[in-house]
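Peer 1: Just need the structure, nothing else, for what follows:
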Amino acid sequence: MAKLTLTTMLTLDGVMQGPGGPEEDTRDGFDLGGWVVPYADKGMGDHIGRWFERAGAFLLGRHTYDIFAAYWPEVGDEADPVIAGRLNGLPKYVASTTLEHADWQHTTVLGGDVAEAVRELKERPGGELQIHGSGVLARSLMAHDLIDEYRLLVYPVVLGKGRRLFARGGLPTALRLTDSDALPSGVMMQTYVPAGRATFGSF
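Peer 2: The predicted structure follows:
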C-alpha cells in the first residue's frame with residue numbers, strides 16, 4: 001500500500017500561497033508571492049531531493065499541475081535527474097473537474113470522486129504517492145483522513161494574508177512529530193504523522 005505524503009512550504013502564520021514568485025498564485029488578489037526565495041539554499045534543496053527520491057507517483061491539484069507542467073518538462077531529466085527526472089518520468093494524477101486532457105507525459109486526470117480515486121491509488125504497490133503544494137486538494141483529502149505524512153517547510157516570515165494549509169473548518173486532528181531539522185537560513189523542516197482526533201482538557 002502506498003503512503004500518501006504532503007510536502008509544502010508554509011510561513012509562520014500558515015500561508016502556503018505563492019511561495020515561488022510574485023505571479024505564481026495571485027488568486028484572491030494575493031500580492032506577496034515569492035516569499036521563499038530569500039531563504040533558498042542548498043540545504044533546502046537537499047532535503048527536498050531526498051523526499052523526491054522516495055516517490056512512486058505524484059498527485060497534484062489543477063493549479064499546481066499547471067505550474068509544474070509549464071516548467072519541469074523544459075528543465076530536462078539530465079539537468080535535474082532527482083526532481084525533473086521523477087516528475088517527468090513517473091505517473092502523475094491531477095485532481096480537476098475542469099481539465100479534460102493533460103499534455104504532460106504520464107499524466108492522468110482524476111475527475112468525479114477524488115477521495116475514492118485516491119483510496120484506490122493508495123492500494124497500489126510502489127513508492128510514495130506524493131502531493132506537493134496543491135492546497136485545495138490537500139485540504140479535501142485531509143477531510144477524509146487520507147494523508148499519511150505531512151512534510152512542512154516552515155519559513156521565518158509572517159505575511160498576514162493568503163491561503164493557508166490548515167484553514168477554518170478542518171477536522172480537529174492531533175499530529176505526532178517524527179522528524180525535525182533547522183537550516184542555517186532559519187527554515188524548519190518538520191515531519192508529522194496523524195495521531196487521531198485532537199483531545200482536550202483543562203488546567
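
Peer 1: Would you mind checking which helix or strand in the chain has the lowest mean pLDDT?
Peer 2: Least confident helix or strand of the chain, by mean pLDDT, DSSP states H and E, is helix 42-52 with a mean of 85.

Peer 1: in that one, what's buried?
Peer 2: Within helix 42-52, the residues that qualify as buried are 43, 44, 47, 48, 51, 52, counting by 16 or more other Cβ atoms under 10 Å. To be clear about C-beta, it is placed using only N, CA and C from the backbone, and glycine gets the same treatment.

Peer 1: Read off the pLDDT value for the most centrally placed residue in the chain.
Peer 2: Centroid check for the chain by Cα atoms, centre = their mean gives residue 132 as the closest residue, at 2.4 Å. Note for residue 132: predicted pLDDT of 96.

Peer 1: for it, phi and psi?
Peer 2: Taking degrees, to the nearest 10, you get phi -120, psi 120 for the backbone angles of residue 132.

Peer 1: send the alpha carbons of stretch 33-52 over as PDB?
Peer 2: C-alpha atoms of stretch 33-52 as PDB (Å, rounded to 0.1, in the frame of the first residue of the first chain):
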ATOM      1  CA  GLY A  33       4.300  35.900  -3.800                       C
ATOM      2  CA  GLY A  34       8.000  34.800  -3.800                       C
ATOM      3  CA  TRP A  35       8.500  34.700   0.000                       C
ATOM      4  CA  VAL A  36      10.600  31.500  -0.200                       C
ATOM      5  CA  VAL A  37      13.300  33.000  -2.500                       C
ATOM      6  CA  PRO A  38      15.300  34.900   0.100                       C
ATOM      7  CA  TYR A  39      15.700  31.700   2.100                       C
ATOM      8  CA  ALA A  40      16.600  29.200  -0.700                       C
ATOM      9  CA  ASP A  41      19.800  27.400  -0.100                       C
ATOM     10  CA  LYS A  42      21.500  24.100  -0.800                       C
ATOM     11  CA  GLY A  43      20.200  22.600   2.500                       C
ATOM     12  CA  MET A  44      16.600  23.100   1.400                       C
ATOM     13  CA  GLY A  45      17.300  21.600  -2.000                       C
ATOM     14  CA  ASP A  46      19.000  18.500  -0.400                       C
ATOM     15  CA  HIS A  47      16.000  17.800   1.900                       C
ATOM     16  CA  ILE A  48      13.500  18.200  -0.900                       C
ATOM     17  CA  GLY A  49      15.600  16.000  -3.200                       C
ATOM     18  CA  ARG A  50      15.700  13.200  -0.600                       C
ATOM     19  CA  TRP A  51      11.900  13.300  -0.400                       C
ATOM     20  CA  PHE A  52      11.600  13.200  -4.200                       C
END
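
Peer 1: Can you give the distance of that stretch from its chain's centre?
Peer 2: Remark: stretch 33-52 is offset 13 Å from the chain centroid, using Cα atoms, centre = their mean, to the nearest Å.

Peer 1: what about the longest helix in this structure?
Peer 2: helix 62-75 (DSSP state H).

Peer 1: Flag every buried residue along the next helix or strand after that one.
Peer 2: Going down the chain from helix 62-75, the next helix or strand is helix 83-89, by DSSP states H and E. Neighbour counts over helix 83-89 (16+ other Cβ under 10 Å) mark 83, 84, 85, 86, 87, 88 as buried.
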